[in-house]
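K.L.:
Could you look at this predicted model? Sequence included:
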Amino acid sequence: MSPAFRALMMVGYHLRHAARSLARNPMFTFVMELSLGLGVALWTVARTAVDSQASIAVANYENIYLVEMHRDVVVRVPTEGHDPERFWDHVSSFLLTHRDASAITSLSERPHTISFFSPMLVGKPGASPANLRVRFTTGALFSMFERTFTAGAPWSDTEEADAAPVCVLSHELAEKWFGGSAHAIGSSVRVSGHDFRVTGVILDDRAERKLYDFTAFPETDGVYVPLETMRVLGARPLTYYTWGGPTGRFDDFIDGETAYLQTFVELPTRAARAAYEEKVAGYIAAERETNRSPKLAYGGLRPLERWSSMLTATPFKLFQLFGAIAFVACIFNLVRLLVAKFSARAGEVAIRRALGAPRITIFMQHLMEAELVSCGGAVLGLILAAAGIAFLNAVIPDRPVDFSLDVSRALVAASSAVVAGLVAGVYPAWRICNVQPATVLRRQ
């Protein structure tokens, strides 16, 4: 008999012995499995709530960067004297002014996505309009962020340059207003009193976070229109930062020192990134010679992985921390339950030890029992996690994305339960295999 076959036979023997031991008290076994399963479920639900907002999207867009502009500003810090201390600091902005966004786009032939959104009255001509999100954007958004078209296509470069009244609809609105994506193409949609021709329909995808949305609001964009049509529609963004004093005039708001445009660039190689950064640095140096205030300090490129991590709301991160703590607590609780179960068997183990059973055999049999408990805990944990994720989707209407337990997350959860069972079983198994037969049998 080969050593490998002999080892396999021993594993089978230990498994049978462990299964018989667990079957003697099914209620206590279920309690142990549930203890571990709750920890696995809480940690998996929390991790899914965070990972769903970042990991899926970022993997597809590793060559896309968010363009940032930093400004020199005077910061006043109160001191013990009468006059506050003044010093220069750099303040970053994830949003760019129209002037800066247009300039850096003209500096490079690399694809750029420049966008913002504004709530506007939208509807079919002749029907009552609804207050919907309209995204003003460049056509590169659809290709850079891999938006799927169910019919039609984005507007052309010529239409974008001419700020033509064209638009892309969401699939949901196309179904609601025109009875299908194909029927929507070429139809008119009225946006704030102006007719826009539909060129394409895109799929509404709640499974992936829209990283081009600074606010990451859960509502989907219903209508996409060329960026420069904002002047005709008088669109004012909801999210902006005013570097200069507001005048209230629309032209000053759009073309002044108000940052409201989120800008992304696609740079597939390190050389392309270096060349782009050099051009941006040259633009900033030239702008610093003008009378703009506060002056541009420097520009930066933020990878989407870091940007996506920033978009994850703090409550979800705290929930993930709580889930990890709960998982560890459940592992310690399983250790206590295993110690109690194994200790109740001390007399049986003492007799086996007295009859010549080696410690390693006793240790492996009890460790295998802990692993069987972990397998049951993994199954229960996945069932509870699936229910917990469905519960989160139901009770959090303003969630950034639809949370889902995919195969990779399920495998991680199951593997974590198995490892947790191994960790939890080491101390109880070591403790029971070291009982002194004479001491135990003397008390019997």
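P.N.:
Here it is on my side, so go on. Please read all numbers here as calculations on a predicted model, not as lab measurements.

K.L.:
Going by C-alpha atoms from here, please, whenever you check contacts or count neighbours.
P.N.:
Will do.

K.L.:
which residues sit against stretch 125-138?
P.N.:
Applying C-alpha atoms under 8 Å, 6 or more residues apart in numbering, the contact partners of stretch 125-138 are 112-123, 160, 188-190, 195, 219-230.

K.L.:
measure it end to end?
P.N.:
25 Å (C-alpha to C-alpha, to the nearest Å).

K.L.:
What residues sit buried inside that stretch?
P.N.:
For stretch 125-138, the buried set under the neighbour-count rule, 16 or more other C-alpha atoms under 10 Å, comprises Pro129, Leu132, Arg133, Val134, Arg135, Phe136, Thr137, Thr138.

K.L.:
and what of stretch 137-146?
P.N.:
Residues of stretch 137-146 classed as buried by neighbour count (16+ other C-alpha under 10 Å): Thr137, Thr138, Gly139, Ala140, Leu141, Phe142, Met144, Phe145.

K.L.:
Tell me the gap between it and the middle of its chain.
P.N.:
20 Å (C-alpha atoms, centre = their mean, to the nearest Å).

K.L.:
So that it lines up with my notes, have the first residue be 58 from now on.
P.N.:
Renumbered: residue one is now 58, and that last one reads stretch 194-203.

K.L.:
got a pLDDT number for the closest residue to Leu99 other than its chain neighbours?
P.N.:
Nearest non-adjacent residue to Leu99, counting by C-alpha to C-alpha, 6 or more residues apart in numbering: Gly380, 5.0 Å away. Reported pLDDT at Gly380 in the predicted model: 88.

K.L.:
same deal with Val497?
P.N.:
Here the pLDDT value assigned to Val497 is 52.

K.L.:
what do you get for Thr207?
P.N.:
Looking at Thr207, its pLDDT stands at 92.

K.L.:
so what secondary structure elements neighbour the one helix or strand it maps to?
P.N.:
Using DSSP states H and E, Thr207 sits in strand 206-209. Contacts defined by 3 or more C-alpha pairs under 8 Å, 6 or more residues apart in numbering; DSSP states H and E place strand 206-209 against helix 238-241, strand 251-259.

K.L.:
Of all the ones you listed, which one is nearest Arg402?
P.N.:
Closest approach to Arg402 among the helices and strands packed on strand 206-209 (C-alpha to C-alpha): strand 251-259, 64.3 Å.

K.L.:
quick one: buried residues of the closest one?
P.N.:
Buried residues in strand 251-259, counted by 16+ other C-alpha under 10 Å: Asp252, Phe253, Arg254, Val255, Thr256, Gly257, Val258, Ile259.

K.L.:
distance of the last one from Val282?
P.N.:
Taking C-alpha to C-alpha as the measure, Ile259 falls 13 Å from Val282.

K.L.:
Low-confidence ranges, the stretch 308-457 of the chain, go.
P.N.:
367-371, 403-404, 406-407, 409-414, 455 (pLDDT under 70).

K.L.:
how about the strands in it?
P.N.:
In the stretch 308-457 of the chain, the strands defined using DSSP state E, counting those that start in this stretch lie at 315-316, 319-323, 353-360.

K.L.:
One more: the stretch 58-207 of the chain?
P.N.:
For the stretch 58-207 of the chain, strands defined by DSSP E, counting those that start in this stretch occupy the ranges 121-134, 142-150, 169-180, 187-194, 206-209.

K.L.:
and the ones you listed, which one's lowest on average pLDDT?
P.N.:
Comparing mean pLDDT across the strands of the stretch 58-207 of the chain, the lowest value falls on strand 142-150: a mean of 51.

K.L.:
Do a quick rundown of the helices in the stretch 258-407 of the chain.
P.N.:
Along the stretch 258-407 of the chain, counting by DSSP state H, counting those that start in this stretch, helices occupy 287-290, 307-312, 327-344, 361-368, 371-400, 403-411.

K.L.:
Now the third one: buried residues?
P.N.:
Right, helix 327-344. Residues of helix 327-344 classed as buried: Arg330, Tyr333, Glu334, Val337, Ala338, Tyr340, Ile341 (neighbour count, 16+ other C-alpha under 10 Å).

K.L.:
Show me what that helix is packed against.
P.N.:
The helices and strands touching helix 327-344, judged by 3+ C-alpha pairs under 8 Å, 6+ apart, are helix 155-164, strand 353-360.

K.L.:
so what secondary structure elements neighbour the first one?
P.N.:
This means helix 155-164. On a contact count with 3+ C-alpha pairs under 8 Å, 6+ apart, helix 155-164 meets helix 307-312, helix 327-344.

K.L.:
Tell me which of the ones you listed lies nearest to Phe399.
P.N.:
Phe399 lies closest to helix 327-344 among these, at 59.2 Å (C-alpha to C-alpha).

K.L.:
got the CA coordinates for that closest one in CSV?
P.N.:
Output in CSV follows, covering the C-alpha atoms of helix 327-344 (Å, rounded to 0.1, in the frame of the first residue of the first chain):
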residue,chain,number,x,y,z
ARG,A,327,3.5,55.2,-19.2
ALA,A,328,5.0,57.3,-21.9
ALA,A,329,1.6,58.7,-22.9
ARG,A,330,1.0,59.6,-19.2
ALA,A,331,4.4,61.4,-18.9
ALA,A,332,3.8,63.4,-22.1
TYR,A,333,0.3,64.4,-20.9
GLU,A,334,1.5,65.5,-17.5
GLU,A,335,4.3,67.6,-19.1
LYS,A,336,1.7,69.4,-21.3
VAL,A,337,-0.5,70.0,-18.3
ALA,A,338,2.4,71.4,-16.3
GLY,A,339,3.3,73.7,-19.2
TYR,A,340,-0.3,75.0,-19.3
ILE,A,341,-0.3,75.6,-15.6
ALA,A,342,3.0,77.5,-15.8
ALA,A,343,1.5,79.7,-18.5
GLU,A,344,-1.7,80.3,-16.5
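
K.L.:
what does it contact?
P.N.:
Residues outside helix 327-344 that contact it (C-alpha under 8 Å, 6+ apart): Ile161, Leu164, Ser165, Leu324, Lys352, Leu353, Ala354, Tyr355, Gly356, Gly357.

K.L.:
ok and that helix relative to strand 319-323, angle-wise?
P.N.:
Calculated by axes from the mean of the first three to the mean of the last three C-alpha atoms, to 10 degrees, helix 327-344 forms an angle of 140 degrees with strand 319-323.

K.L.:
Now do helix 327-344: distance to the chain's middle.
P.N.:
Counting by C-alpha atoms, centre = their mean, helix 327-344 is centred 30 Å from the centre of its parent chain.

K.L.:
before we move on, what about stretch 347-367?
P.N.:
Put simply, stretch 347-367 sits 22 Å off its chain's centre (C-alpha atoms, centre = their mean).
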